[in-house]
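> following is a predicted model, sequence given first.
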Amino acid sequence: FQVKSENKKTIWNTEEVPEGSEFDDTWDPREKPEYEISFKQHVGTEDVFFGMTGKDPSTACCEDIVIKIKLPETKYSDITLDIQDKVLDLRTPKNKLLLHLPYPVNSKEGRARFLSEEEILEVTLRISRKFDFINFS
């Protein structure tokens, strides 16, 4: 097995390095915050009562990923959030979270809101899927 490389001194191809590994720092002393991942799908009466669209409760039929991150003693201005297609990178002065997402997302279309009373950052990301017989909209 021989890999052709543009530079003879490289020891791996860029395809071999997983996305987001440049952010992974094992020596960072900041704590990893608690988080929760849930999935959201848009359903109507034709789905609930008649089952006409073929959607089911599985994650294969969900359109969005919702990530809730607990950030105690954090202000909104202290949060740095970077979203890529497969990686969420969150940094605050006290916390650091590098999260490899379960599905590729559209990194350009996402929403984040900070619930200051609960000290929770809620990030909603649109799942990027190929169209198939379930995900046709």
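It's in.
> got a list of what residue 78 touches?
Each residue near residue 78 by Cβ atoms under 8 Å, 6 or more residues apart in numbering is listed here: 92, 93. For every residue, glycine as well, the C-beta is placed using N, CA and C.
> what's the spacing between it and residue 100?
24 Å (Cβ to Cβ, to the nearest Å).
> before we move on, what about residue 68?
From residue 68 to residue 100 the distance is 17 Å (Cβ to Cβ).
> out of those two, which sits in the busier spot?
Each of residue 68 and residue 100 has its neighbours counted (other Cβ atoms under 10 Å); residue 68 has more, 16 against 12.
> doesn't the more buried one belong to a strand?
Yes: under DSSP: H, G, I helix; E, B strand; the rest coil, residue 68 sits within a strand.
> ramachandran angles for the closest residue in space to it that isn't next to it in sequence?
Using Cβ to Cβ, 6 or more residues apart in numbering and skipping residues adjacent in sequence, the residue nearest residue 68 is residue 36, 4.7 Å away. Main-chain dihedrals, residue 36, degrees, to the nearest 10: phi -140, psi 130.
> and residue 36, how many neighbours?
11.
> check the gap between it and residue 65 for me.
From residue 36 across to residue 65, the span is 11 Å (Cβ to Cβ).
> same question, residue 123
Residue 123 is 8 Å from residue 65, by Cβ to Cβ.
> now residue 35
Residue 35 is 12 Å from residue 65, where distance means Cβ to Cβ.
> which of these two has more residues huddled nearby?
For residue 35 versus residue 65, the count of surrounding residues by other Cβ under 10 Å is larger for residue 65: 21 against 17.
> touching, the more buried one and residue 103? I think so.
Yes: between residue 65 and residue 103 there is a contact under Cβ atoms under 8 Å: 6.6 Å.
> what are the ranges of the helices in this structure?
45 (DSSP state H).
> can you pull out the strands in it?
35-40, 64-70, 80-83, 87-91, 96-100, 105-115, 120-127 (DSSP state E).
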